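**Q** The following block contains a protein sequence and its predicted model.
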Amino acid sequence: MAVDNKIEWNFNNTYLSLPKIMLSEQKPDIVKKPEVVIINHSLSEELGLNLLNLDNDYLASVFSGNSLPDGSKTISMAYAGHQFGHFTILGDGRAITIGEHVTQNNQRFEIQFKGSGKTKFSRDGDGKAALGPMLREYIISEAMHYLNIPTTRSLAVIKTGEKVIREKELKGAILTRVATSHLRVGTFQYFAYKKDDSSLKTLINFTINKHYPSLKNKENLYLNLIDKLMEKQIDLIVNWMRVGFIHGVMNTDNMALSGETIDYGPCAFMDQYDPKSVFSSIDHFGRYAYYNQPTIAKWNLARFAECLIPLLDSNKDKAIKLATDKVNEFDSNYEKKWLGMMRDKLGMIGNQKEDEVLILDLLQWMHINKADYTNTFCNLTYENMINDKIFHKDDFLKWKERWKIRLSVNNNDKTSEKTMKKSNPVVIPRNHLVEDALKTAETGDLEKTNRLLKVLSEPYKIQSSIQDLQTSPKPSKIPYKTFCGT
Ligand code: AMP
Ligand code: MG
């Protein structure tokens, strides 16, 4: 059923110009008893949507897919991907894009339901999603946004009134996800696998028009696109490393061409610093561990570059060399940006030879002492904010003396302070807090979720009465695990 456009969607679905073999028309399932769990009014305002004056029944009906708005064109997309290193044909198995909304200042966003039923690409999956994981994506993606990290966002979570069967029976839910696009490295791999160069070119033009119009008239267009994706992904991963975020499942289908963080599955934030941190229950070999994220981003970029080889040069050897040389620029570019990010976290102005050793010594101290990553930087930024005796230890104080000497080079206290405050969040969505909020949300009580969301919407600001959200949990005997595919 189509409904009046009370929400004021302004759909202009450019994705319909993509090659037909990539799209499948798909209607969301009608759900039994849709009920609003949460609506993101601040995002809806940014998008120029009118949700504030609509009643919950109407919103539940629209954001469950029971009533599709006029102008929507519901599709699922084909894509492929390397999952844990193995190539597979995938596609939106439980996601349906309903339209591309254009805001008043001409920004475009794809609006997508996650968990709204089977699609042509569902394989063995049921196409559904459960409340916990959808609300988890909502909380973490919003937190990422306010941490100033590019990300897809979350507009609504609706309970379906139906059961979803996983290891046990769970409450069904649908998340409305907002992204500048859902194009992934895996989308390109799909056409490369099919050896469909013509569709690949259409996809590349679409991508460049949408995300990187400045590349349009450049020579070496394809090489420039690889370069651009490299830059975007390096910036993204450096940001993840900055706040201790571990994506958990950096398969090539989860690497977006836009440079946004996408597909919040088994992701988590690190409390105590350990570069080998890994939380996903299915990541047995630590492929997607914290420290390995740049290596994997480079690996994924190489898979992207491979797709473009037929277009890079008619001489295959030359094309391979061009792609390889480009991808090999990753390490030094990443290193430079990572070092810059760490210097910012420590307020160090300019470049000094000893900076890297100073930074690595701090990380090593954190690792050996099981110090909390966020709180250590908080302690350095706001001297008296974190009350933990670990920061009175001799070796830490000695490191601090070296750091102070470094700060006196190119001394500018104001700039240092400002940069540190922008780089070091005082609060992050700690795993135990998110789990606790989700547990109570299951019972219909959203107080903890709402408090968390409110505090996380200003992560760089000193806020009163949030000590309980800043405390690092004691290392648990049972490691924290997150589960994929729920
Ligand atoms: P992800 O790990 O979320 O990136 O998902 C990997 C692939 O599995 C994607 O193609 C998803 O669309 C698909 N998928 C995940 N969960 C389900 C489900 N419940 N039903 C159908 N497909 C799913
Ligand atoms: Mg995915």
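**A** Perfect, thanks for sending it. Ligands and ions are numbered 1, 2, ... in the order given.
**Q** Show me what from the stretch 101-250 of the chain comes close to ligand 1.
**A** 122, 125, 126, 127, 128, 249 (C-beta under 6 Å from any ligand atom). (Glycine included, C-beta is placed from N, CA and C.)
**Q** wait, what's in contact with the spatially closest residue to the first one that is not a sequence neighbour?
**A** Yep, that's residue 122 we're talking about. When the adjacent residues along the chain are set aside, residue 122 lies closest to residue 93, with 4.4 Å between them (C-beta to C-beta, 6 or more residues apart in numbering). Neighbouring residues of residue 93 by C-beta atoms under 8 Å, 6 or more residues apart in numbering: 118, 119, 121, 122, 123, 125, 127.
**Q** cool, and residue 343?
**A** Residue 343 touches 349, 351, 355, 359, counting by C-beta under 8 Å, 6+ apart.
**Q** picking up where we left off before, so can I have TSV of the contacts of residue 93 showing pLDDT, neighbour count and secondary structure?
**A** Output for these, formatted as TSV (pLDDT from 0 to 100; neighbours: other C-beta atoms under 10 Å; DSSP: H, G, I helix; E, B strand; the rest coil):
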residue	pLDDT	neighbour count	secondary structure
118	98	16	coil
119	98	25	coil
121	98	20	coil
122	97	17	coil
123	94	13	coil
125	96	12	coil
127	98	23	coil
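**Q** Present those residues as a markdown table; the columns should include distance to ligand 2.
**A** Shown next, in a markdown table, are the contacts of residue 93 (distance: C-beta to the ion, whole Å):
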| residue | distance to ligand 2 |
| --- | --- |
| 118 | 16 |
| 119 | 13 |
| 121 | 11 |
| 122 | 13 |
| 123 | 13 |
| 125 | 12 |
| 127 | 14 |
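**Q** of all the residues you listed, which comes closest to residue 264?
**A** residue 125 (17.2 Å; C-beta to C-beta).
**Q** The residue lying closest to the closest one once chain neighbours are set aside: what secondary structure?
**A** Leaving aside its sequence neighbours, residue 125 sits nearest to residue 93 (C-beta to C-beta, 6+ apart; 4.8 Å). Put simply, residue 93 is coil when judged by DSSP: H, G, I helix; E, B strand; the rest coil.
**Q** now residue 93: how far from residue 474?
**A** To residue 474, residue 93 is 38 Å away according to C-beta to C-beta, to the nearest Å.
**Q** Please name every helix or strand in contact with the strand or helix carrying residue 110.
**A** Assigned by DSSP states H and E, residue 110 belongs to strand 108-114. Counting contacts by 3 or more C-beta pairs under 8 Å, 6 or more residues apart in numbering; DSSP states H and E, strand 108-114 is packed against strand 95-102, strand 169-179.
**Q** Nearest to ligand 2, out of the ones you listed?
**A** The closest of the helices and strands packed on strand 108-114 to ligand 2 is strand 95-102. By C-beta to the ion, the value is 8.6 Å.
**Q** Buried residues, that closest one. List them.
**A** 95, 96, 97, 98, 99, 100, 101, 102 (16 or more other C-beta atoms under 10 Å).
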